[in-house]
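> Please work out how this folds:
(2 chains)
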Amino acid sequence: MPTVEIDGRTITVEEGVTVIRAAERLGIEIPHYCWHPGLSIAGNCRMCAVEIEKAPKLQIACNTRVTDGMVVRTTSEKAKAAQRAVLEFLLLNHPIDCPVCDQSGECKLQEYYMDYDRQRSRIPLPDKVHKGKVIPVGPRVMLDQERCIMCSRCVRFCEEVTHTSELAFYHRGNHVELDVAPGRTLDNAYSMNVVDICPVGALTSRDFRFRARVWYLERTASVCTGCANGCNVELYHREGRLYRYVPRYNPEVNRYWMCDAGRMSLHALQGEGRLTVPLRRGADAFAPAPWDAALATAAQRLAEIARAGRRLGVVVSAQAPNEEVFLVRRLAAALGAEVAAVAWSPPDADHDDLLIKADKNPNAQGLRLQGLEPDGGLDALLGAAARGEVAGLVVHRCDLTRWRAAPAVAAALERVGWLVVLDTDLRETAQFADVVFPLATHAESDGTFTSHAGRVQRFTRAVGAPGEARAGWDVLGDLVVRVGGAAPREGADAVFAALAAECAPLDGLTWERLGEHGVLAGASPQAA
Amino acid sequence: MAEHLLLRNRDVPDLRRLDVYRAHGGYQAARKALTEHTPEQLVDLVKASNLRGRGGAGFPTGMKWSFLPKQTAKPVYLCVNADESEPGTFKDREIIEENPHELLEGIVITAYAIRSRTAYVYIRGEFRRGHDRLLEAIAEAHAAGLLGPRVLGTDFALDVWVHRGAGAYICGEETGLIESLEGKRAYPRVKPPFPAVYGLFGCPTIVNNVETLACVPHIVERGAEWFKGIGPASSPGPKLFCVSGHVVRPGTYELPMGTPLREIIYTHAGGVPNGRKLKGVIPGGASMPIFTPEEIDVPMDMDSVQKAGSFLGSAGIMVMDDSVCMVWAALVLERFFHHESCGQCTPCREGTGWMHAILERLEHGRGTPADVSLLLEVANNTQGNTICALADAAAMPARALVTKYRAEFEQHAALGRCPLRPPAELPRAHAHG
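Sure, this is the predicted structure:
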């Protein structure tokens, strides 16, 4: 294994590791534009040129493999001069329109200019080459050709990751332009990744652009709930509003990418239909009710039905995190109710070999881990309801009317004696409820999902829930206690601990041990 | 050199026809190579001959061949670089048009030596006649069993395909050529890996220039020692010199490597006409630094020209008399490199355009004295930090012209016009496209 010295510090790395990677491990950032760890090496931006002893010319750190005894200087006068020269070249024909550019604040041209260049422009303004601006290259991506530095990351992404090749360079020299191929549009299912990997403001998100300056936004680690893949994301938010998902690196799940549908699923989290207060059915219509009163009513009626020995059911969907599934089971146990699980996806749900799964639920695998077969038991329960045999039903994060023919479900729900619905939004099923509890989304609470591959991953509360909405584990735990059962009340992590203690594949796992990349269920040493 | 070797077509009428070529000993070297040599022996022979590439870089040919992996499950390809597009260079063209079987014979021997059964000739798009004649020659060779499944009756099989370029200078860079041949935009590849390991379609590939391959049959026929005896042993052989510009007899001259530049200009090309004085000579095509009249006693071989501060390059000798404005000359060169920069690497993409713009200003009377040092600085920053040599090709002549004729550049800035050319005569810089 070769040992290399970089800026006076040494590190031993495996054969084949490049200088830029070895430096990264030492915590030394070699500035770069075209290099991206998820793409092939292009070597075109020349920003990462470093001085290597015994090499006559500067070498690019991205394509130079470490050899034993190699001595690298990333901050020598020669390297610095080259960095300055490259930056001057990059900015030569750049419009320098930072005040109106959406990339400001996360622009590598801005950052490196401040770090490595800081010289005045030496080109007369009228001499700048002009190219196309505000070009909608696809439904979700906007192109400004003048800001493009031709690093080719986006081109390589569309060639190497999506294999769709919509983007290419046209013309030559300083007239080179990035564009979509004639007759094409950048509309692949992953098109918005080019926005993330664009180091400058050439490619911006039509969904996010001009909505916020990024330096005002906060970031919270989370998981996308658009499908069962469990792509790791960073959630950008400010003052309670959600702005965008950006993929968070997880080598085992999504690497650097996520799909466009997943990104756009963020908007549904703060839609018009959010429930903000508990609702209790009055004579005809719903009326807002205080939490305590609504919980007391629901618990009391459910307990009465249970005591009367009449049929009770609980339905939980794969939208619910592991902690809530656990408490749903506790509730059912305390009431002597049967549990049905639902994992609904559209019958024509899209899927591919990259990230997108046909299962559009974030936690179907979590249901299975706890012994609940998705879509098991629901038909029997609804059948019984239709016959008027179900006296009480709790429906958790699930709109049953989407799962089965709506009129049939409506007919069944109308005959349920007492219906409790817990959900984030007011959906069709809730129209039949006697009590409706408003829940927080995964952006507003803490918990874990289990991906299709069985990876248990955490999400973290980023913003507050609207109105009086509460976290699902909190509401369920409250109900469990009120009907005479036991539930951890300190926090969702305590609920997870209780779950891990009784669920063999999760044995030994704690939130802390899940870390930022999650852990495969059953992979824990204690579980073996 | 009394006899022509590479340009025997000048001595033998219709040499481009197979029957004539064979009547004059053609394909004897190929027969010898295929029946008396192993591929390894041929690689060693070419190594021993010290043949160096005639495309511009002067890399030892045998050594290049020896970089191929010894064992590979992939096909090996031979790419013939016939994309002759270095300004001032027109030597390969004559071989292709007038002596195509010499090239084909070189291809047969080389393909056998590197164990390739498919060769692609990437020919400059403008060489329509050369393209047609090469196709005729290939058809003749096929019909005569000199190409195809059993070359010269042996087990060696070889097919030769001809691909026409579409007019980009960068396609002459060997990895740009490979990309173009694959149907892609000719962006030169970042190296390593080199083509010998990862070339055409990801397979081991050798790219050789036309003139280089034309030397190979002669080496096989007469031996490495004979070849090494022509000119200096470190860079020997017959060499085609393309002389253009202000000389009495412009044209291609086949002379021994190491012939002094002065002799080429004054003895062979007849000197500078019209009683004008020599002002400067670019010795190796547009990419190479210029020589002043005081520097032309240099022997024209690779090492000597390099020692003198320039490069033999493609041996495109461009002679300029004292009517030439050196700022204008620099402008013409940089306009070319700006036009031909593929735009992949930052320094070349931006540097060539910037140098072009500065020279436009100077030549058209809008320059300032500061522009002269700015030009030098931009040239310095452009050079030495790119994937291929085009940036160096653009920077080197600009640096040499400014350094050696600096007073002329400063005079342009001070006068606010070109002292040699009235404004009306200035050629218009054409739009980029």
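> wait, what's in contact with residue 198?
You didn't say which chain, so I picked chain A. By CB atoms under 8 Å, 6 or more residues apart in numbering or on different chains, the contact list for A:C198 reads A:Q103, A:R153, A:C154, A:T204. To be clear about C-beta, it is placed using only N, CA and C from the backbone, and glycine gets the same treatment.
> Please refer instead to chain B.
Listed by CB under 8 Å, 6+ apart, the contact partners of B:Y198 are B:P204.
> Got phi/psi on it?
When quoted as degrees, to the nearest 10, the phi and psi of B:Y198 stand at phi -140, psi 90.
> Could I get the pLDDT score of it?
Looking at B:Y198, its pLDDT stands at 97.
> Now do it against chain A, distance only.
12 Å (CB to the nearest CB, to the nearest Å).
> out of the contacts of A:C198, which one sits closest to A:L426?
A:T204 (34.5 Å; CB to CB).
> I'd guessed the closest one sits against A:M142; true?
Yes. Checked against CB atoms under 8 Å, the pair A:T204 and A:M142 is within contact range at 5.0 Å.
> neighbour-wise, which of those two wins?
Between A:T204 and A:M142, counted using other CB atoms under 10 Å in any protein chain shown, A:T204 has the larger neighbour count: 23 against 20.
> ok, now which ones touch that one?
A:T204 neighbours (CB under 8 Å, 6+ apart): A:D102, A:Q103, A:V141, A:M142, A:D144, A:V195, A:C198.
> May I ask which helix or strand encompasses the second one?
Meaning A:Q103. Taking DSSP states H and E as the definition, one finds A:Q103 inside no helix or strand.
> so what's it closest to, chain neighbours aside?
Counting by CB to CB, 6 or more residues apart in numbering or on different chains, A:G201 is the residue found nearest to A:Q103 once chain neighbours are left out, at 3.2 Å.
> Tell me if the one you found really is in a strand.
No. Counting by DSSP: H, G, I helix; E, B strand; the rest coil, A:G201 is not found in a strand; it is coil.
> Report pLDDT for A:G376.
Predicted confidence (pLDDT) for A:G376: 79.
> now the helices for chain A?
With DSSP state H as the criterion, chain A has helices at A:19-25, A:77-92, A:108-112, A:153-160, A:193-197, A:260-264, A:291-307, A:322-335, A:364-369, A:378-386, A:406-414, A:472-482, A:492-502, A:511-514.
> what do you get for the stretch 101-250 of chain B?
In the stretch 101-250 of chain B, the helices defined using DSSP state H, counting those that start in this stretch lie at B:128-143, B:174-181, B:210-222, B:224-228.
> Once you drop chain neighbours, what's closest to the residue of the stretch 151-300 of chain B found nearest chain A?
Scanning the stretch 151-300 of chain B for proximity to chain A using CB to the nearest CB identifies B:V190 as nearest, at 3.4 Å. Nearest residue to B:V190, sequence neighbours excluded (CB to CB, 6+ apart): A:G43, at 3.4 Å.
> go on, A:G388?
Excluding the flanking residues, the one nearest A:G388 by CB to CB, 6+ apart is A:R415, at 4.6 Å.
> How many residues are close by the residue in the stretch 401-528 of chain A positioned nearest to chain B?
As assessed by CB to the nearest CB, chain B sits closest to A:H517 within the stretch 401-528 of chain A, at 31.5 Å. Around A:H517 there are 15 other residues, counting by other CB under 10 Å.
> Contact partners for it?
With contacts defined as CB under 8 Å, 6+ apart, the neighbours of A:H517 are A:N232, A:N250, A:P251, A:E252, A:V253, A:Q457.
> are any of the residues you listed buried, and which?
A:N232, A:N250, A:V253, A:Q457 (16 or more other CB atoms under 10 Å in any protein chain shown).
> Pick the one among these closest to chain B.
For those, the nearest to chain B is A:N250 (28.6 Å; CB to the nearest CB).
> can I assume that closest one is in contact with A:V519?
No. Assessed by CB under 8 Å, A:N250 is found out of contact with A:V519, at 11.7 Å.
> Give me the common contacts of those two.
By CB under 8 Å, 6+ apart, A:N250 and A:V519 have no common neighbours.
> can you tell me the residue of the stretch 301-450 of chain A closest to chain B?
Scanning the stretch 301-450 of chain A for proximity to chain B using CB to the nearest CB identifies A:D353 as nearest, at 22.6 Å.
> what two of the contacts of A:T204 are the furthest from one another?
A:Q103 and A:V141 (13.2 Å).
> What pairs with the lengthiest strand in chain B, parallel or antiparallel?
Counting residues, the longest strand found in chain B (DSSP state E) is strand B:238-245. Applying DSSP bridges, strand B:238-245 is found paired with strand B:251-256 (antiparallel), strand B:316-321 (parallel).
> Would you mind saying which of the ones you listed lies nearest B:T205?
Each of the strands paired with strand B:238-245 has some distance to B:T205 by CB to CB; the shortest is strand B:316-321, at 26.0 Å.
> Show me what A:Q457 is bridged to.
Here A:Q457 sits in beta bridges with A:F449, as judged by DSSP bridges.
> Next, the contact list for it, please.
Residues near A:Q457 by CB under 8 Å, 6+ apart: A:V223, A:G230, A:N232, A:V253, A:T448, A:F449, A:T450, A:S451, A:L514, A:H517, A:G518.
> Give the buried subset of those residues as a ChimeraX selection command.
Buried residues among the contacts of A:Q457 (16+ other CB under 10 Å), as a ChimeraX selection:
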select /A:223,230,232,253,448,449,450,451,514,518
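> ok, of the contacts of A:Q457, which one's closest to B:V402?
Nearest to B:V402 among the contacts of A:Q457: A:N232, at 54.6 Å, using CB to CB.
> now the closest one: how far from A:S222?
Going from A:N232 to A:S222 by CB to CB, to the nearest Å gives 8 Å.
> Then B:S180?
Counting by CB to CB, the gap from B:S180 to A:S222 is 46 Å.
> Domain boundaries for chain A, per the record?
Listed domain ranges for chain A are A:3-90, A:279-527 (source: automatic domain parsing).
> Near the spatially closest residue to B:E174 that is not a sequence neighbour, how many other residues are there?
Take B:E174 and drop its neighbours on the chain: the residue closest to it by CB to CB, 6+ apart is B:V207, 4.0 Å away. Here the number of neighbours of B:V207 (other CB under 10 Å) works out to 26.
> who touches B:V207 in this structure?
Residues near B:V207 by CB under 8 Å, 6+ apart: B:C79, B:V80, B:N81, B:E174, B:L177, B:I178, B:P195, B:G199.
> Could you report the pLDDT at B:P427?
On the pLDDT scale, B:P427 is placed at 55.
> swap in B:A424?
54.
> domains in chain B, as residue ranges please.
Domain assignment for chain B, taken from automatic domain parsing, gives B:8-228, B:238-321, B:326-425.
> Now render these as CSV, adding distance to A:G383.
Below are these laid out as CSV (distance: least, CB to CB, whole Å):
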stretch, distance to A:G383
domain B:8-228, 61
domain B:238-321, 84
domain B:326-425, 67
